[in-house]
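Chemist: what follows is a predicted protein model with its sequence.
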Amino acid sequence: MNGRLRVSASLLAMLALSACGGDSTGSGGGGGGGGGGAFTSAATVHLTSASYSPSVVNLNKGGVITWTADTNVEHTITPDAPGQAGAWASTGMDASGQTFSHTFNTAGDFAYHCNIHSTMKGVIHVQ
């Protein structure tokens, strides 16, 4: 009986650990902040009143990110690298439900921010 309990406890621990990963690829809810989860070919980043959610996305080369405004607070999606602004930058998004999408065809790390709210920052890792 004691052996069965040990196996069951180990199985429960493994299941709990696998559930903690969450979905931080942007395709569902939750996530953000950490490593961004598994690499994906499409992701959605939600613009809340004060953040990008998730703030970190792992994307496969050729993948598409769609930013969706969940609030009527105005935000921008502005690349940190000055030379990238013309390639992928949104103008002010100020209506709930408004979207902006971009396809990332080059591998690398792409940091971005909101020009209106200096604490809003995000990064897209493309492989």
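Modeler: Thanks, I have the structure now.

Chemist: what is the biggest strand by length in the chain packed up against?
Modeler: Using DSSP state E, we find that the single longest strand of the chain is strand 56-69. Under the contact definition 3 or more CB pairs under 8 Å, 6 or more residues apart in numbering; DSSP states H and E, strand 56-69 sits against strand 40-47, strand 99-104, strand 121-126. Glycine gets a C-beta too; all of them are placed from N, C-alpha and C.

Chemist: now the helix or strand that the first one is followed by: average pLDDT?
Modeler: Stepping forward along the backbone from strand 40-47, the first helix or strand reached (DSSP states H and E) is strand 52-53. Strand 52-53 shows a mean pLDDT of 97 in the predicted model.

Chemist: picking up where we left off before, can I get the helices and strands packed on strand 56-69 in JSON lines with distance to residue 61 and mean neighbour count?
Modeler: Converted to JSON lines, the helices and strands packed on strand 56-69 look like this (distance: least, CB to CB, whole Å; neighbours: other CB atoms under 10 Å):
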{"stretch": "strand 40-47", "distance to residue 61": "9", "mean neighbour count": "20"}
{"stretch": "strand 99-104", "distance to residue 61": "7", "mean neighbour count": "16"}
{"stretch": "strand 121-126", "distance to residue 61": "6", "mean neighbour count": "19"}
